[in-house]
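> quick one, fold the following:
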Amino acid sequence: MQNPPPVQVSNQPPVPVGKSSTGLDENVAALLSYVFGWISGLIFFLIEKDSRLVRFHAMQSLLFNVLVAVVSIVLWVFMVILLLIGSQISGVISTLVSLIATLVWIALVAGILIAWIMCLIKAFQGQYFKLPIIGQFAEKFSQK
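Down below sits the predicted model:
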């Protein structure tokens, strides 16, 4: 009879998890700051007094969701204009414009979803994961 293979132990030390002023573990509070968009980001940013990790992720969540809203509105207006122009042109060009508009929306939603999932994972791991551009602002605003 053979012995079972030995259990492999990770060489990575566990991430130290501290408590935030909300009473939750820092990583859980940081994760929750992303769950309900800008609302949870704002709530955790306003009530958290001690943890820089939670304040950083709360501010990044707030900035990320505001940026998503602004980009979505601008892109929606642009797409409506394109579709109105395309409807005045022949059927093939109109169909092409509609297809391009749909592909842009799909790409935008996929990018937002990937960024949001990465933020959730990194927040739960207790890491300072900075999104491009807004991560720098989140770090600056969360230190005040």
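> quick one: the residue nearest to the spatial centre of the chain from Leu31, how far?
Central residue of the chain (C-alpha atoms, centre = their mean): Trp116, 2.9 Å from the mean position. Distance of Trp116 to Leu31, given as C-beta to C-beta, to the nearest Å: 11 Å. The way it works is simple: take the backbone N, C-alpha and C, and place the C-beta from them, glycine included.
> how about Ala115?
For Ala115 relative to Leu31 (C-beta to C-beta), the value is 15 Å.
> I'd like the next helix or strand past the lengthiest helix in the chain.
In the chain, taking DSSP state H as the definition, the longest helix is helix 52-87. Using DSSP states H and E, the helix or strand that follows helix 52-87 in sequence is helix 91-124.
> so what does that next one touch, helix or strand wise?
Under the contact criterion of 3 or more C-beta pairs under 8 Å, 6 or more residues apart in numbering; DSSP states H and E, helix 91-124 touches helix 26-35, helix 52-87.
> most tightly surrounded among the ones you listed?
Ranked by mean neighbour count under mean count of other C-beta atoms under 10 Å, the helices and strands packed on helix 91-124 are led by helix 26-35, which reaches a mean of 24.
> so what touches that one?
By C-beta atoms under 8 Å, 6 or more residues apart in numbering, the list of residues contacting helix 26-35 from outside reads 15, 17-20, 22, 24, 40-41, 43-45, 48, 51, 53-54, 56-58, 61, 116, 119-120, 123-126.
> which of those residues are buried, as a PyMOL select command?
Restricted to buried positions by 16 or more other C-beta atoms under 10 Å, the PyMOL selection for those reads:
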select buried, resi 20+22+24+40+41+43+44+45+48+51+53+54+56+57+58+61+116+119+120+123+124+126
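> straight-line length of stretch 129-144, end to end?
In stretch 129-144, first residue to last residue: 19 Å (C-alpha to C-alpha, to the nearest Å).
> which parts of it are buried?
For stretch 129-144, by 16+ other C-beta under 10 Å, it's Phe129, Lys130, Leu131, Ile134, Gly135, Ala138, Glu139, Phe141, Ser142.
> list the contacts of it.
45, 52, 55-60, 63-64, 67, 115, 118-119, 122-123, 128.
> could you do stretch 51-60 as well?
Residues contacting stretch 51-60 (C-beta under 8 Å, 6+ apart): 18, 20-22, 26-27, 29-31, 33-34, 40-45, 48, 119, 123, 126, 128, 130-131, 134-135, 137-139, 141-143.
> since that was my last question, I'll sign off now.
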